[in-house]
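> Sharing a model prediction with you, sequence too.
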Amino acid sequence: MKKIEIAVIAALAALTAPAANSAEPYRIDGGYTFKIEGFVPVVCRATVDSAHVTPGLGSLQIGTMSEFCNNASGYEVWAEHSDSLAGSTLVVDGREISLSKSGATLVSHSSSAAVVTRRLALNLAEGATTGSLSIRVKTL
């Protein structure tokens with residue numbers, strides 16, 4: 001969880017509030033200041049609107065990927081894929097990214113919190129017909 005502090009300053013001619021041990025109201029002339037403090041959970045996710053793509057030859061339209069992350073330090077989106085897809089190309093908003101032999105490929109990076117929508121396609125390597133591809137988010 002990230003700690004968030006909000007300070008609010010309001011100028012008022014007079015503020016009255018009962019004092020703890022007094023019958024007289026407590027007055028502050030010229031305004032008052034109060035601070036609200038809370039903890040907000042870090043939420044980061046990437047979802048793809050198509051859960052299953054029918055295998056075929058050549059280019060496959062995967063759909064739209066939606067990224068949401070409120071981590072102020074940023075995040076990365078990774079594609080994890082089966083060995084059979086190594087050498088294939090993931091196309092993210094027209095940018096081609098070669099899928100690695102390691103099974104994990106960096107798809108996007110943000111150095112701050114963001115909400116982004118991207119189009120995804122997959123150009124299969126020669127001989128590749130099936131495989132699995134999943135998306136995960138790593139906070140920085």
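Happy to help now that I have it. On a predicted model such as this, the values are computed, not experimentally measured, just so you know.
> domains in the chain, as residue ranges please.
The record, using automatic domain parsing to delimit domains, assigns the chain the ranges 2-40, 44-139.
> possible to save those as JSON lines with mean neighbour count?
The way it works is simple: take the backbone N, C-alpha and C, and place the C-beta from them, glycine included. Shown next, in JSON lines, are those (neighbours: other Cβ atoms under 10 Å):
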{"stretch": "domain 2-40", "mean neighbour count": "10"}
{"stretch": "domain 44-139", "mean neighbour count": "15"}
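> Least reliable of those by average pLDDT, please.
Note on the domains of the chain: domain 2-40 shows the lowest mean pLDDT, a mean of 56.
> Ser84 in helix, strand or coil?
helix (DSSP: H, G, I helix; E, B strand; the rest coil).
> Residue nearest the middle of this structure, spatially speaking?
Nearest to the geometric centre of the chain sits Cys69, at 1.9 Å (Cα atoms, centre = their mean).
> With Glu76 as the reference, measure out to it.
9 Å (Cβ to Cβ, to the nearest Å).
> correct me, but Glu76 touches Leu106?
Yes. Using Cβ atoms under 8 Å, Glu76 makes contact with Leu106 at a distance of 6.1 Å.
> returning to what we had before: which residues sit in contact with the residue nearest to the centre of the chain?
The neighbours of Cys69, taking Cβ atoms under 8 Å, 6 or more residues apart in numbering as the test, are 42-45, 75, 110, 113-115, 137, 139.
> Now with 7 Å, please.
44, 75, 110, 113-114, 137 (Cβ atoms under 7 Å, 6 or more residues apart in numbering).
> do Leu120 as well
Leu120 touches 48, 62-63, 65, 90-92, counting by Cβ under 7 Å, 6+ apart.
> same thing but at 6 Å, please
62, 65 (Cβ atoms under 6 Å, 6 or more residues apart in numbering).
> Figure out the helix or strand that it lives in.
strand 114-123 (DSSP states H and E).
> Just checking: what are the partner strands of that strand?
The pairing partners recorded for strand 114-123 under DSSP bridges are strand 59-69 (antiparallel), strand 89-92 (antiparallel).
> Just give me how far the shortest one sits from the chain centre.
In this case it means strand 89-92. 20 Å (Cα atoms, centre = their mean, to the nearest Å).
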